[in-house]
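> only the shape, not the letters, is given here:
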């Protein structure tokens, strides 16, 4: 069975670490990646500092084929992600004409002038491919190093989703062989997780290796989620047998 490619999600921002906002980006991205057959083994939240970003990339590049980052791309001095990535990947800066045009249109629509700080959003590292953001001012950036794709996106949820849906996911589909991932979810009520595990132990141990089982407990109920890669079209039959 083909191994699923893995994507590591990094959320950048002190506002997440101090509990000021809830990290909804990571859960949305993990679900979106899962739907196209990409596994997320871990999500990490780090401070908006050059040291934290560099150390995290040093640890992950070359180990994972995909790293997706959100946050730290605003025009203010406390957002250091873009400058850190330029220094990390090298090559200097370029002004992206398409991003600049997008920025001019963005501010004109809102009857606002494009100041120097906002114009600086069109300045991007030469080492990256631009991912246009038609919902905001910070473009996404696509880097590659040591067989690892590194994508940096804004932390504003609707901007991140726009870039994921229009740029990142379509490109990942062309880069990787992604057999669809199948799921079946069953709801049980009134049976504690530990007791349920004993009831279905024999069935669980007999599951084929292509199928994984997850227990998802909550108050008064436990969900059982079966997952299987539909490799060569055989996953559907295996899931149906397990379901029965």
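Perfect, I can see it now. Remember, predicted model here, so these are calculated numbers, not experimental data.
> contacting residues around the residue nearest the centre of the chain?
For the chain, the residue nearest the mean C-alpha position is residue 29 (4.0 Å; C-alpha atoms, centre = their mean). Residue 29 makes contact with 9, 40, 68, 70, 160, 164, according to C-beta atoms under 8 Å, 6 or more residues apart in numbering. Every C-beta, even on glycine, is put in place using the N, C-alpha and C of the backbone.
> and which of these is nearest residue 103?
residue 160 (18.0 Å; C-beta to C-beta).
> circling back to that earlier point, ok, which pair from the contacts of residue 29 is furthest apart?
Farthest-apart pair in these is 40 and 160; separation 14.9 Å (C-beta to C-beta).
> more neighbours, those two?
residue 160 (25 against 19; other C-beta atoms under 10 Å).
> for that one, which three-state class applies?
Per DSSP: H, G, I helix; E, B strand; the rest coil, the local secondary structure of residue 160 is helix.
> check what pLDDT the residue nearest to it when sequence neighbours are not counted gets.
Counting by C-beta to C-beta, 6 or more residues apart in numbering, residue 160 lies nearest to residue 153, which is 4.8 Å off, once chain neighbours are set aside. With respect to pLDDT, residue 153 has a value of 98.
> residue contacts, residue 153?
68, 69, 70, 73, 131, 140, 159, 160, 163, 164, 168.
> my guess is the third one contacts residue 161, does it?
Read it as residue 70. No: counting by C-beta atoms under 8 Å, residue 161 is not a contact partner of residue 70; they are 10.3 Å apart.
> and those two? which has more neighbours close in?
The neighbour count for residue 70 versus residue 161, taken as other C-beta under 10 Å, is higher for residue 70 (29 against 16).
> how close does that one get to residue 127?
Distance of residue 70 to residue 127, given as C-beta to C-beta, to the nearest Å: 19 Å.
> so where's the protein uncertain?
Within the chain, the segments meeting pLDDT under 70 span 1-3, 231-232.
> where along it do the helices fall?
Counting by DSSP state H, the chain has helices at residues 14-17, 24-35, 50-60, 81-89, 97-109, 116-119, 157-163, 169-175, 193-199, 201-205, 235-243.
> which stretch among those comes nearest residue 144?
Using C-beta to C-beta, the nearest of those to residue 144 is helix 81-89, at 8.9 Å.
> pull out the buried residues from that closest one.
Of all the residues in helix 81-89, those buried under the rule 16 or more other C-beta atoms under 10 Å are 81, 82, 83, 84, 85, 86, 88, 89.
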